[in-house]
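Peer 1: I'd like to go over a predicted model; first the sequence, then the structure.
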Amino acid sequence: MKRTFKEKWMSQWQLQVMVWPSIILLIVFSFIPMFGLITAFQDYSPLTGFFASEFVGLDNFKAFLGDSDFYNVLTNTLAISLLKLLIGFPLEIVLAILINELRAGPFKRVTQTISYLPHFLSWVILGGMIISWLSSSGLVNSLLMSLHLIQEPLPFLTNPNAYWWVATLTDIWKEVGWGTILYLAAMAGIDPSLYEAAKVDGARKLKRIWHITLPGISQIIVLMFVLRVGSVLGSNLEQALVLQSSSNIQRSEVIDLYVYHLGLTQGDFSFATAVGIFSSVVSVILLLLANVLTKRIHNSSIF
Amino acid sequence: MRKSIAVISSLAIALSVAGCAKKGDVNLPDPTFTVDKATPSWKVDKEKANLSWYINFDWFAQTWGNDVASKYITEDTGVSITYQNGTDDKLNTMLASGDLPDIITIDGSSPLIKEADKFAIPLDELAKKYDPYFLEGAAKPETLKYFTRDDGHIYGYPNFSNTKADYEKGGIYGNQAFMVRKDIYEKIGKPDMTTPEGFLSALEAVRKLNAKDELGKPVIPLGISIFNGGSEPNGVFNRTLADFIGVPVLTDDGKYYDRYTDPDFQKWLKTFVKARQDGLTDKDMITMTKDDKDARLTNGSYFAYFASDVNGETDALSLWANEHPDKVYIAVNGPSSTVGRKTALPGTSIEGWTQTFISKTCKNPRKAMELVTYLVSEYGNNVMDFGREGEPYTIVDGKPVLNKDLLEFKQTDPAGFEKKIGLTTHLWLQDSALLSRQMGLSQFPKALQQAKQWTVQYVVPQFELAGLNVYLSKESARNLEKINQNWSQTVAKILNAKSDAEVDQAMDAFVKYRQNNGYDKLVEEWNKQIEANKKKLQ
């Protein structure tokens, strides 16, 4: 017998009550504001408003697509994001496995806590620390020099070519511990009897990791990968803002910073929104591509 | 990205909820008293009012009525203020919603100033109706003229606006200085550092001296203001160096002058490069943070310190001077022209610092106007800066002088003074030139006084350049930002150059970049502004 919509709804009202607040929040804070995207096609000013601002067609898009600097900015964003993806993403999984293999006890807890710590420092604080550490008389250079590995201090921050690596490695250092949480949770859900069975069959540690742990968290890995790929154009504004100096602008100017410098600080919301739409569209395409790709290769995907 | 969208989105909501009831003229009721040109209306109009005053700076955290100064002002005018503060995000949202505080103060360089006619009631109209004394006696005529827009109205009135007349009366100080550590300077025989050769040999002599700072490390011969986050981008290489060597700001026929490509500027730039190649400068100067710089100054690590913002060094220099009175930093003649130009330091200009508006949604425009008149007038300035005669101050030689214990309090504990006494704190309509004349050097902390005195002989008005970037088109504003960024890169490249040829190469690349990014149109717009300024300054 087919139930009416009302009966169906009533039978699951507890669930409905839980889900609706989030849907309403989503509508209010994510969907209604999308109306503001209209400003990308206007010469918008908060004082004239959405309805009275003059429409300028695609001028705002032309302004950045015709800007030779924009492609440099795009390259920087992609390069830093891809480095983070290539190095940081596997590293999180490796670290999660290592922590998981530790015997439960004080050492494991301390290790985990220490690895989370940098995540809770804001980039404003951390950036200042990193600038001091990497300066010519800072911690890193002093250490390398007293170990006689180098003669002259290395210009980590003034050498523009080093910036991508500085940005990537400091970000990974800050976030890698935090990134392990989801994987550890997934590993906790793997049935221990699988490990016991493997042990009985004579599988060594590496074999067990390869054949039980990794397959056990593969769904999460796919999920995280697809999400990461979708955000390669979303660069780290705070990090770039703090670590940028006049000597590395060429390599440190990323999309968010470009929008901030040329749009928001000038009060030019239209320009900022236009770049925002552009990178959102590209992000959606990348997300879909990553999803299709993982479906082909791994036979699982997030939607 | 997401954030920028979020900002706009919040504007969207604000607008759609609040509607757009902000168009059209404001209806101004007639005053209940007779207005008089010679008497400020607050003396006649005894009505009380509570007004909100928005300050677009999030660091401003003063509360009205807690300190001595604001109590006096309320007693006189009958106006109590509720301060609000915030940053551009908050202001934009308020503007979009049309729901504005009664009085608004914005930085004079904000792009929103352009559209003041959409949110502010013209001060000239208000003054004519309620308080003609504002135009006739309170405000400075030159400032009024400069702030009159093309439509004939005055929307905002500035604080810190210095006029030509102020410069003639004296008491205007510069804020840049070339400072050296007194003990070392004397030890190397007070050399002349005004020529490139003398400059380099003095720095070399300091290195040879092998003096140590408080941490036991060798003294660094030369340090300069930080490149990012200071008052001047790129240390001293945006303008301070050019000001010191007297590179003109206008061409002979009164057009915008490109100071960066000036041969004398280039010559000095190469002198700094040479100093850097020889290891005579702070290696980290391009990337240094304020904390690093402060640490250097408070340990006496620099022999010479080229400061683009002397006021900004108050804490560090005071700390050093207190602990080492015989090793203080003193201002001396630094880099000077090799072609006979005179050092020309900029003082605060006629455009001042901020502008204050009375909004179209003001609850009581009459009382707001009276308060503005009061705070702008000399009498109001005196109350705001010194309090009431006989209580916190007395008149000595025709000038108000703060009582000794209060002056001591102000100079030793500025933060506590601000909170409890509050004199000179409500400075949003302050006439800083007046205060500066009244107080002279005693307005500055002891450690800065010598340097401030040094600047007096070199400070000149450069009003033609006032508000140069405020009225740029969006396209030019964007191009300017890009060109400035490229200049920062160029300066960094130049300072790390290994030879003069590399310097020239970097300069050529900069000029080429500029040309490809709308420089001609930018200069054209600047020249237009310079022309407009000149007309208003006549």
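Peer 2: Happy to help now that I have it.
Peer 1: longest helix of the chain?
Peer 2: Using chain A here. Looking across chain A with DSSP state H, the single longest helix is helix A:269-298.
Peer 1: wait, chain B was what I had in mind.
Peer 2: helix B:474-495.
Peer 1: about what we covered before: show me what the longest helix of chain A is packed up against.
Peer 2: Secondary-structure packing of helix A:269-298 (3 or more CB pairs under 8 Å, 6 or more residues apart in numbering or on different chains; DSSP states H and E): helix A:59-65, helix A:214-230, helix A:255-262, helix B:2-18. Heads up, the C-betas are built off the backbone N, CA and C, glycines and all.
Peer 1: buried residues, it. List them.
Peer 2: The neighbour-count check on helix A:269-298 (16 or more other CB atoms under 10 Å in any protein chain shown) flags A:269-280, A:283, A:286-287, A:290-291, A:294 as buried.
Peer 1: what residues does the stretch 151-300 of chain B put near chain A?
Peer 2: Within reach of chain A by CB under 8 Å from any CB of the partner chain, the stretch 151-300 of chain B has these residues: B:227-228, B:233-234, B:283-284, B:286-289, B:291-292.
Peer 1: for B:Gln515, grab the count of nearby residues.
Peer 2: Using other CB atoms under 10 Å in any protein chain shown, the number of residues around B:Gln515 comes to 11.
Peer 1: measure stretch B:235-249 end to end?
Peer 2: 19 Å (CA to CA, to the nearest Å).
Peer 1: and it, how far from the chain's centre?
Peer 2: Relative to the centre of its chain, stretch B:235-249 is centred 17 Å away, using CA atoms, centre = their mean, to the nearest Å.
Peer 1: what's the mean pLDDT across that stretch?
Peer 2: Mean pLDDT, stretch B:235-249: 96.
Peer 1: next: stretch B:427-435.
Peer 2: What stretch B:427-435 shows for mean pLDDT is 92.
Peer 1: and for stretch B:256-274?
Peer 2: For stretch B:256-274, the mean confidence score works out to 96.
Peer 1: and for stretch A:119-139?
Peer 2: On average, stretch A:119-139 scores 89.
Peer 1: list phi and psi for the residue nearest the centre of chain B.
Peer 2: Residue closest to the mean C-alpha point of chain B, counted by CA atoms, centre = their mean, is B:Trp353 at 5.6 Å. With angles defined as degrees, to the nearest 10, B:Trp353 sits at phi -110, psi -70.
Peer 1: ok, now which ones touch it?
Peer 2: Under the criterion of CB atoms under 8 Å, 6 or more residues apart in numbering or on different chains, the contact list for B:Trp353 reads B:107-108, B:158-160.
Peer 1: closest to chain A among these?
Peer 2: Of all these, B:Asp107 has the smallest distance to chain A: 11.7 Å, by CB to the nearest CB.
Peer 1: excluding chain neighbours, what is closest to that closest one?
Peer 2: B:Thr354 (5.5 Å; CB to CB, 6 or more residues apart in numbering or on different chains).
Peer 1: now for A:Ile99, how many residues are close by?
Peer 2: 17.
Peer 1: taking chain A, what residue is nearest to chain B?
Peer 2: A:Pro33 (2.6 Å).
Peer 1: distance of that residue from A:Gly276?
Peer 2: Between A:Pro33 and A:Gly276 the distance is 12 Å, computed by CB to CB, to the nearest Å.
Peer 1: then B:Ile121?
Peer 2: As judged by CB to CB, B:Ile121 and A:Gly276 stand 35 Å apart.
Peer 1: how about the strands in the stretch 301-450 of chain B?
Peer 2: B:302-307, B:329-331, B:345-346, B:354-358, B:393-396, B:399-402 (DSSP state E, counting those that start in this stretch).
Peer 1: just send these back as a markdown table, with mean neighbour count, mean pLDDT and distance to B:Leu495 too.
Peer 2: Below are those laid out as a markdown table (neighbours: other CB atoms under 10 Å in any protein chain shown; pLDDT from 0 to 100; distance: least, CB to CB, whole Å):
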| stretch | mean neighbour count | mean pLDDT | distance to B:Leu495 |
| --- | --- | --- | --- |
| strand B:302-307 | 27 | 97 | 13 |
| strand B:329-331 | 22 | 96 | 23 |
| strand B:345-346 | 21 | 94 | 23 |
| strand B:354-358 | 26 | 96 | 34 |
| strand B:393-396 | 14 | 82 | 48 |
| strand B:399-402 | 18 | 82 | 44 |
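Peer 1: so for A:Glu101, which of these sits nearest?
Peer 2: With CB to CB as the measure, strand B:302-307 is the member of those nearest A:Glu101 (52.8 Å).
Peer 1: which residues sit against the closest one?
Peer 2: In contact with strand B:302-307 (CB under 8 Å, 6+ apart) are residues B:176-181, B:184-185, B:193, B:202-203, B:206, B:211, B:219-225, B:235-236, B:240-241, B:282, B:296-297, B:313, B:329, B:334, B:451.
Peer 1: mind listing which of those are in strands?
Peer 2: Counting by DSSP state E, these place B:177-181, B:220-224, B:329 in strands.
Peer 1: before we move on, back to that, out of the contacts of B:Trp353, which end up buried?
Peer 2: Judged by 16+ other CB under 10 Å, buried ones among the contacts of B:Trp353: B:108, B:158-160.
Peer 1: comparing the helices and strands packed on helix A:269-298, which gets the lowest mean pLDDT score?
Peer 2: Looking at the helices and strands packed on helix A:269-298, the weakest mean confidence is helix B:2-18, a mean of 47.
Peer 1: moving C-terminal of the helix or strand of chain B with the lowest mean pLDDT, what's the next helix or strand?
Peer 2: In chain B, the helix or strand scored least confidently by mean pLDDT, DSSP states H and E is helix B:2-18, which has a mean of 47. The first helix or strand that comes after helix B:2-18 along the chain, using DSSP states H and E, is strand B:49-55.
Peer 1: what about B:Lys217, how many residues nearby?
Peer 2: B:Lys217, neighbours per other CB under 10 Å, totals 12.
Peer 1: ok, now the one 10 residues further on?
Peer 2: The local packing count at B:Phe227 equals 26, with neighbours defined by other CB under 10 Å.
Peer 1: now for the residue of the stretch 101-250 of chain B at minimum distance from chain A: which residues touch it?
Peer 2: Across the stretch 101-250 of chain B, no residue is closer to chain A than B:Pro111, which sits at 3.8 Å (CB to the nearest CB). Residues near B:Pro111 by CB under 8 Å, 6+ apart: A:266-268, B:470, B:477.
Peer 1: helices or strands up against the helix or strand just after the longest helix of chain B?
Peer 2: Downstream of helix B:474-495, the next assigned helix or strand under DSSP H and E is helix B:500-516. If contacts are counted by 3+ CB pairs under 8 Å, 6+ apart, helix B:500-516 sits against helix B:263-277, helix B:474-495.
Peer 1: and the ones you listed, which is most packed in?
Peer 2: Comparing those by mean neighbour count (mean count of other CB atoms under 10 Å in any protein chain shown), helix B:474-495 ranks first with a mean of 21.
Peer 1: I'd like to check the angle between that helix and helix A:255-262, please.
Peer 2: 110 degrees (axes from the mean of the first three to the mean of the last three CA atoms, to 10 degrees).
Peer 1: does chain A sit close to helix B:474-495?
Peer 2: Yes. Residues of helix B:474-495 contacting chain A under CB under 8 Å from any CB: B:474-475, B:477-478, B:481-482, B:485, B:488-489, B:491-493.
Peer 1: B:Asn162 and B:Glu351 touch, don't they?
Peer 2: No. Between B:Asn162 and B:Glu351 no contact is recorded; they are 9.4 Å apart, counting by CB atoms under 8 Å.
Peer 1: which one's more surrounded, the two?
Peer 2: B:Asn162 (27 against 22).
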